[in-house]
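Q: Take a look and give me a structure for this.
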Amino acid sequence: MSNEFASHPLLDAARKYEWAACDVDIFRACFFARICESQPPKQCQFRDIKGIKQSGPTCGLVALSMLLNGDPTAEELLKSAHELGFSNNGEMFSAHYLHQLLRDTKANPQNNNNAEALECCLHEGRLNCANIRDALSEGACLLVPYDADFNHEPCLLRGHKAHWALIIGFLITKDDKFYVFARHGKTNSVGLWSLEELSKSNANLREFEQPRAHPDCTFLIPPGGIAGNLGLNERAIIVKGLSQKLIKLP
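A: Take a look at the predicted model:
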């Protein structure tokens with residue numbers, strides 16, 4: 001092997017992240033986030049949930065469809081959300097509405113029973129708390145609204161770039177920093193984000209701004225706005241009883 005090939009950046013990364021080599025999505029998430037380069041994590045686990053790309057302003061419905069293994073589809077969930085008066089175009093500016101949509105999907109015998117065994121509850125308050133960390137440790141997933149930056153990571157724009165992500169697992173570093181693995185409809189790649197930064201982003205959701213990509217759409221905003229009791233601010237949905245395989249590394 002030539003010295004040039006032996007020092008190739010991808011080979012260097014493979015050596016550093018050998019502990020994650022069995023799952024390419026987690027390997028890539030850790031590599032691009034530069035997390036656990038020098039040593040493996042203290043704890044790492046996640047659900048084997050596949051990504052789904054969104055079409056139009058359907059990020060919340062796509063995140064929910066991911067959770068349900070794609071059945072119902074986002075299009076089918078949109079039909080239900082429209083009938084319930086929760087959405088016009090696929091937008092979901094209410095954690096309460098998305099939670100109720102999941103509950104109705106669970107209860108409807110005509111739907112695929114991917115949802116039937118699920119336990120779901122609406123979390124209110126900061127995400128970076130013992131309740132959320134304990135739920136993730138027990139194998140739960142989270143549906144979380146946040147402000148998405150240009151690279152899809154959490155940021156603070158007062159809700160002007162509100163987006164939904166599905167949190168599929170977590171990682172704790174040797175120095176006890178807590179990160180979460182995230183899927184969302186803008187990419188098939190898994191993100192790895194600080195739980196504290198996601199918590200701050202979730203707590204800053206206060207104002208609706210018309211998305212530039214959809215200037216002519218009329219969006220359904222819940223009473224009280226996205227910062228109100230039915231909105232997005234400091235809200236998330238905890239989901240337990242999932243069927244997808246729980247993977248623990250290393």
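
Q: mind saving the C-alpha coords of the longest strand seen in the chain as PDB?
A: Assignment by DSSP state E gives strand 162-172 as the longest strand of the chain. Taking C-alpha atoms only, strand 162-172 is exported to PDB below (Å, rounded to 0.1, in the frame of the first residue of the first chain):
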ATOM      1  CA  ALA A 162     -39.600  26.200  11.700                       C
ATOM      2  CA  HIS A 163     -39.100  22.600  10.700                       C
ATOM      3  CA  TRP A 164     -39.800  19.100  12.200                       C
ATOM      4  CA  ALA A 165     -37.300  16.400  12.900                       C
ATOM      5  CA  LEU A 166     -37.600  12.800  14.100                       C
ATOM      6  CA  ILE A 167     -35.100  12.100  16.900                       C
ATOM      7  CA  ILE A 168     -34.100   8.400  16.600                       C
ATOM      8  CA  GLY A 169     -31.500   8.000  19.200                       C
ATOM      9  CA  PHE A 170     -28.700   9.500  21.200                       C
ATOM     10  CA  LEU A 171     -24.900   9.500  21.900                       C
ATOM     11  CA  ILE A 172     -23.100  10.400  25.200                       C
END
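
Q: so how far is that strand off the chain centroid?
A: Taking the mean of its C-alpha atoms, strand 162-172 sits 4 Å from the chain's own mean (CA atoms, centre = their mean, to the nearest Å).

Q: Doesn't Leu142 belong to a helix?
A: No: counting by DSSP: H, G, I helix; E, B strand; the rest coil, Leu142 is not part of a helix but strand.

Q: nearest residue to it other than its sequence neighbours?
A: Among residues not flanking Leu142 along the chain, Ile167 sits closest, at 3.9 Å (CB to CB, 6 or more residues apart in numbering). Every C-beta, even on glycine, is put in place using the N, C-alpha and C of the backbone.

Q: residues contacting the one you found?
A: Neighbour list for Ile167: Leu136, Cys141, Leu142, Leu143, Val144, Val180, Phe181, Ala182, Leu198 [criterion: CB atoms under 8 Å, 6 or more residues apart in numbering].

Q: What strands line up against the longest strand of the chain, and which way round?
A: strand 43-47 (antiparallel), strand 141-148 (antiparallel), strand 178-184 (antiparallel) (DSSP bridges).

Q: Deepest-packed of the ones you listed, please.
A: Of these, the one with the most neighbours on average (mean count of other CB atoms under 10 Å) is strand 141-148, at a mean of 26.

Q: As a check, name the ranges of all strands in this protein.
A: Applying DSSP E to the chain gives strands spanning 43-47, 119-124, 141-148, 154-155, 162-172, 178-184, 187-194, 235-240, 246-249.

Q: Return the set of buried residues in the fifth one.
A: Of all the residues in strand 162-172, those buried under the rule 16 or more other CB atoms under 10 Å are Ala162, His163, Trp164, Ala165, Leu166, Ile167, Ile168, Gly169, Phe170, Leu171, Ile172.

Q: just to revisit the earlier point, how about the strands of the chain in CSV, adding mean pLDDT?
A: Shown next, in CSV, are the strands of the chain (pLDDT from 0 to 100):
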stretch, mean pLDDT
strand 43-47, 98
strand 119-124, 97
strand 141-148, 98
strand 154-155, 98
strand 162-172, 98
strand 178-184, 98
strand 187-194, 97
strand 235-240, 98
strand 246-249, 96
